[in-house]
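Engineer: Got a sequence here, can you model it:
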Amino acid sequence: MQKRPRQLRSAKGVVEWAVSRHPVDYLAAVRVMEARVERIASGDAPELVWLLEHPPIYTAGTSARASDLLEPDRFPVYQTGRGGKLTYHGPGQRVIYLMLDVRRRAGDVHAFVAALEDWIVATLAELGVDGETRPGRVGIWVRRPDKGAGVEEKIAALGLRVRKWVSLHGISLNVHPDIEHYAGIVPCGIAEHGVTSLAELGAPTLMEVVDNVLRAQFEQRFGPTRAASEPLEPAADAAAHGIVP
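Structural biologist: Below you'll find the predicted structure:
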């Protein structure tokens with residue numbers, strides 16, 4: 001019997017769904033997230049899911065260890081307030097920033113995280129990939145018997161922060177990134193398991209296809225969405241860094 005989606009619908013209204021078509025600077029994205037979270041918490045803005053890609057970077061969560069940064073000069077490294085350890089972001093990876101009302105939807109952070117994991121597992125299933133969760137290992141994992149008995153690799157990472165009961169940061173799903181870029185870190189502090197992607201598994205890798213499945217599965221669990229404009233237009237992103245066309 002098919003498992004019914006965990007429902008975390010809110011009576012507050014429709015969630016805005018925004019997609020950035022060009023790589024977004026990490027610090028600029030954080031500024032947008034933090035400002036939006038304040039507006040959501042005060043009731044001045046609707047919840048937002050923001051899909052984007054970043055230029056190649058490493059980000060360190062609140063539990064990150066310096067020893068897990070193997071190549072500190074390879075890419076820019078950003079300290080961040082989200083949970084978790086070191087991870088990589090870059091082209092070909094779908095980053096999903098979630099600005100959602102955790103208290104109204106879930107009542108507690110653990111239920112919220114479980115619903116997010118369920119969402120990504122269902123998305124992967126639609127794309128032909130068997131994703132699984134593991135006790136004590138945050139994120140979504142894929143068995144790789146083709147690489148040996150008991151081999152598992154991470155395909156999606158999850159790192160959240162909650163401020164005034166509104167979430168920020170979120171999920172990264174490996175669609176077709178350069179997996180070799182992970183070599184500069186111990187991903188999520190787990191040395192005994194590697195990382196994989198939809199491309200490595202022979203699944204669909206067209207970002208628009210992945211985004212459509214993400215949205216459909218999200219709506220089954222969290223309620224309706226409506227398309228919104230990019231929170232940070234490419235021109236504004238460039239201007240923020242002193243780049244003049």
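Engineer: how about the strands of the protein, start to end?
Structural biologist: For the chain, strands defined by DSSP state E occupy the ranges 15-19, 48-52, 57-60, 77-79, 86-89, 93-99, 132-134, 137-143, 152-163, 166-174, 194-195, 225-227.
Engineer: would you turn those strands into TSV with mean neighbour count, mean pLDDT and distance to residue 29?
Structural biologist: Yep, even glycine has a C-beta here, placed from its N, CA and C like the rest. Below are these laid out as TSV (neighbours: other CB atoms under 10 Å; pLDDT from 0 to 100; distance: least, CB to CB, whole Å):
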stretch	mean neighbour count	mean pLDDT	distance to residue 29
strand 15-19	20	98	11
strand 48-52	23	98	7
strand 57-60	22	93	11
strand 77-79	13	92	10
strand 86-89	25	93	10
strand 93-99	23	98	7
strand 132-134	14	95	26
strand 137-143	20	92	20
strand 152-163	22	94	13
strand 166-174	25	97	10
strand 194-195	19	91	22
strand 225-227	13	97	19
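Engineer: looking at these, which is closest to residue 112?
Structural biologist: Closest to residue 112 of the strands of the chain is strand 166-174 (CB to CB; 7.1 Å).
Engineer: Alpha carbons only: can I get that closest one in PDB?
Structural biologist: C-alpha atoms of strand 166-174 as PDB (Å, rounded to 0.1, in the frame of the first residue of the first chain):
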ATOM      1  CA  VAL A 166      10.300  30.600  10.500                       C
ATOM      2  CA  SER A 167      12.800  28.400   8.700                       C
ATOM      3  CA  LEU A 168      15.700  29.600   6.500                       C
ATOM      4  CA  HIS A 169      18.400  27.700   4.500                       C
ATOM      5  CA  GLY A 170      17.200  24.300   3.500                       C
ATOM      6  CA  ILE A 171      18.100  21.500   1.100                       C
ATOM      7  CA  SER A 172      20.600  20.800  -1.700                       C
ATOM      8  CA  LEU A 173      19.900  18.100  -4.200                       C
ATOM      9  CA  ASN A 174      22.600  16.900  -6.500                       C
END
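Engineer: So which elements touch that strand?
Structural biologist: Here strand 166-174 touches helix 26-41, strand 93-99, helix 109-126, strand 152-163, going by 3 or more CB pairs under 8 Å, 6 or more residues apart in numbering; DSSP states H and E.
Engineer: for the spatially closest residue to residue 219 that is not a sequence neighbour, which residues make a bridge with it?
Structural biologist: Closest residue in space to residue 219, ignoring its immediate chain neighbours: residue 225 at 5.9 Å, by CB to CB, 6 or more residues apart in numbering. Beta bridges link residue 225 to residue 15, judged by DSSP bridges.
Engineer: ok, and the closest non-adjacent residue to the residue nearest to the spatial centre of the chain?
Structural biologist: By CA atoms, centre = their mean, the chain has its centre lying nearest to residue 171, at 1.6 Å. Spatial nearest neighbour of residue 171, excluding adjacent residues (CB to CB, 6+ apart): residue 96 at 4.4 Å.
Engineer: which residues does the one you found contact?
Structural biologist: The neighbours of residue 96, taking CB atoms under 8 Å, 6 or more residues apart in numbering as the test, are 49, 50, 51, 170, 171, 172, 173, 214.
Engineer: thinking again about what came up before, let me have the strands of the chain in JSON lines, adding distance to residue 117 as columns.
Structural biologist: Formatted as JSON lines, these follow (distance: least, CB to CB, whole Å):
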{"stretch": "strand 15-19", "distance to residue 117": "18"}
{"stretch": "strand 48-52", "distance to residue 117": "16"}
{"stretch": "strand 57-60", "distance to residue 117": "20"}
{"stretch": "strand 77-79", "distance to residue 117": "24"}
{"stretch": "strand 86-89", "distance to residue 117": "16"}
{"stretch": "strand 93-99", "distance to residue 117": "12"}
{"stretch": "strand 132-134", "distance to residue 117": "5"}
{"stretch": "strand 137-143", "distance to residue 117": "6"}
{"stretch": "strand 152-163", "distance to residue 117": "7"}
{"stretch": "strand 166-174", "distance to residue 117": "9"}
{"stretch": "strand 194-195", "distance to residue 117": "17"}
{"stretch": "strand 225-227", "distance to residue 117": "19"}
